[in-house]
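In: Here you go, sequence then predicted model.
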Amino acid sequence: MDTVSDSMLVRGLVFIGGFTVLYYMLKWSWICWCGFRVYVLSKVWQTDLKAYGQWAVVTGATSGIGKAYANELARRGLDIVLVSRSKDKLHIVAKEIESQHGRQTQIIQTDFTEGHDIYPAIAEALRDLDIGILVNNVGMNYSDKLVHFLDIPNPEQVGFTHTPTHNNGLCIQLKGNGLIINMSSEAGAQPQPMLSLYSATKIFVTYFSRSLNSEYKSQGITVQCVAPFMVSTNMTHNLPPNLLLKSASAFAREALNTVGHSSYTSGCASHALQNIALSIFFPDWLRLSSYCVKQTEKFAQSMEKKIDEMTERSASKED
Ligand SMILES: NC(=O)c1ccc[n+]([C@@H]2O[C@H](COP(=O)([O-])OP(=O)(O)OC[C@H]3O[C@@H](n4cnc5c(N)ncnc54)[C@H](OP(=O)(O)O)[C@@H]3O)[C@@H](O)[C@H]2O)c1
């Protein structure tokens with residue numbers, strides 16, 4: 001009797017073990033295939049972005065990731081509407097695009113911190129254009145450093161720049177066949193102490209985009225959410241690019257290749273691998289522990305010193 005139940009137990013354990021191994025093999029094969037398709041195959045198997053329409057609208061288009069998207073979209077044959085606060089910078093970028101890529105441009109000067117009231121004027125300016133792509137990239141850092149929630153200046157403005165909910169006026173124009181790219185962040189993939197509001201607005205962008213995509217894809221509107229790690233821009237103090245930190249132009253090129261292959265992406269292979277590594281080696285319980293918050297505070301202080309030194313150095317160079 002004992003031998004029979006022992007052998008049944010062994011067979012049961014073998015079955016559970018085999019099933020678990022098979023499950024993880026299939027899961028990781030699927031992840032590898034998706035990664036290969038999104039970040040490798042997409043280099044040669046690209047969606048024709050011109051098929052969405054003649055014009056692309058890019059918000060936050062005068063520097064960093066937005067400027068890089070505007071240039072890359074123009075390089076791929078689209079005319080560009082640039083949206084930002086500074087008229088001078090808008091003119092400079094518009095001229096660059098026209099001379100380098102021979103595409104038409106239009107500019108819209110606006111400040112997204114002003115809230116809902118700005119959208120009717122933007123929609124009116126775009127009314128007669130055949131808009132195929134909308135890149136909701138604008139976003140602002142509320143501080144030069146990592147800070148506790150109560151030290152964030154003007155927290156309500158952060159929400160306005162990061163959350164593209166009010167853009168329905170623009171989205172409606174993408175009737176039938178359109179692409180909306182919403183810029184989220186890896187900071188929105190998990191809760192981030194000392195970046196609390198930024199992280200929370202980005203998870204909003206992520207959920208909002210993924211839900212919109214499933215609601216509207218059957219009507220021909222694709223909503224892609226891009227969640228990068230660090231990209232060298234003003235927001236990251238233009239730190240020199242390396243294997244982990246992408247330049248804005250390289251990032252935009254890779255990220256635009258992923259259109260049609262993924263509706264939620266880190267944007268490039270390096271950031272996708274960092275996302276996997278972080279979720280394995282830096283789980284929530286560790287990141288949210290008091291110990292880690294203390295370490296983040298120390299890191300923030302040392303970063304603050306470095307940034308002050310960099311600013312002093314560049315000021316003395318200018319003198
Ligand atoms: N850099 C990164 O490592 C990183 C990582 C993950 C996600 N992101 C996200 O990527 C997006 C772009 O970031 P970035 O690093 O490229 O930033 P950036 O270099 O600071 O550029 C921000 C752009 O937005 C415009 N802008 C800022 N505030 C605005 C406002 N209130 N109204 C209108 N335009 C405004 C700026 O132009 P004007 O000054 O002329 O208005 C500029 O063109 C953001 O959503 C950010 O959260 C960045």
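Out: That came in fine, so what should we check first? Predicted, not measured: the structure shown is a model, and the values here were computed from it.
In: Show residues contacting stretch 254-274.
Out: By C-beta atoms under 8 Å, 6 or more residues apart in numbering, the list of residues contacting stretch 254-274 from outside reads 34-35, 37-43, 45-47, 49, 69, 72-73, 76, 179, 181, 186, 206, 209-210, 213, 217, 222-229, 243-244, 246, 250-251, 275. Yep, even glycine has a C-beta here, placed from its N, CA and C like the rest.
In: does it come close to the ligand?
Out: No - Stretch 254-274 is not in contact with the ligand by C-beta under 6 Å from any ligand atom; minimum separation 8.7 Å.
In: now do stretch 137-155
Out: Yes - Stretch 137-155 comes into contact with the ligand (C-beta under 6 Å from any ligand atom), by way of Asn137, Val138, Gly139, Met140.
In: So among these, which ones count as buried?
Out: With burial judged by 16 or more other C-beta atoms under 10 Å, the buried subset of the residues of stretch 137-155 next to the ligand is Asn137, Val138, Gly139, Met140.
In: Out of these, flag the one nearest to the ligand.
Out: Gly139 (2.2 Å; C-beta to the nearest ligand atom).
In: if you skip the residues just before and after it, what's nearest to Glu72?
Out: Residue nearest to Glu72 in three dimensions, not counting chain neighbours: Ala252, with 4.4 Å by C-beta to C-beta, 6 or more residues apart in numbering.
In: need the strands for this structure, in chain order.
Out: Listed in chain order, the strands of the chain (DSSP state E) span 55-59, 79-84, 105-109, 131-136, 178-183, 221-226, 231-232, 246-247, 264-265.
In: Who are the packing partners of the fifth one?
Out: Going back to what we said before, that points to strand 178-183. Judged by 3 or more C-beta pairs under 8 Å, 6 or more residues apart in numbering; DSSP states H and E, strand 178-183 is in contact with strand 131-136, helix 196-216, strand 221-226.
In: beta partners of Val58?
Out: Beta-bridge partners recorded for Val58 (DSSP bridges): Leu82, Val135.
In: Leaving out the residues flanking it, which one is nearest to Ile97?
Out: Ile97's closest residue in space is Ala74 (C-beta to C-beta, 6+ apart), at 4.7 Å.
In: Then Lys87?
Out: Gln109 (4.8 Å).
In: I'd assumed Asp88 was in contact with that neighbour.
Out: No - counting by C-beta atoms under 8 Å, Asp88 is not a contact partner of Gln109; they are 9.7 Å apart.
In: on that earlier part again, near the ligand, which of the contacts of stretch 254-274 show up?
Out: Restricting the contacts of stretch 254-274 to those adjacent to the ligand (criterion: C-beta under 6 Å from any ligand atom) gives Pro228.
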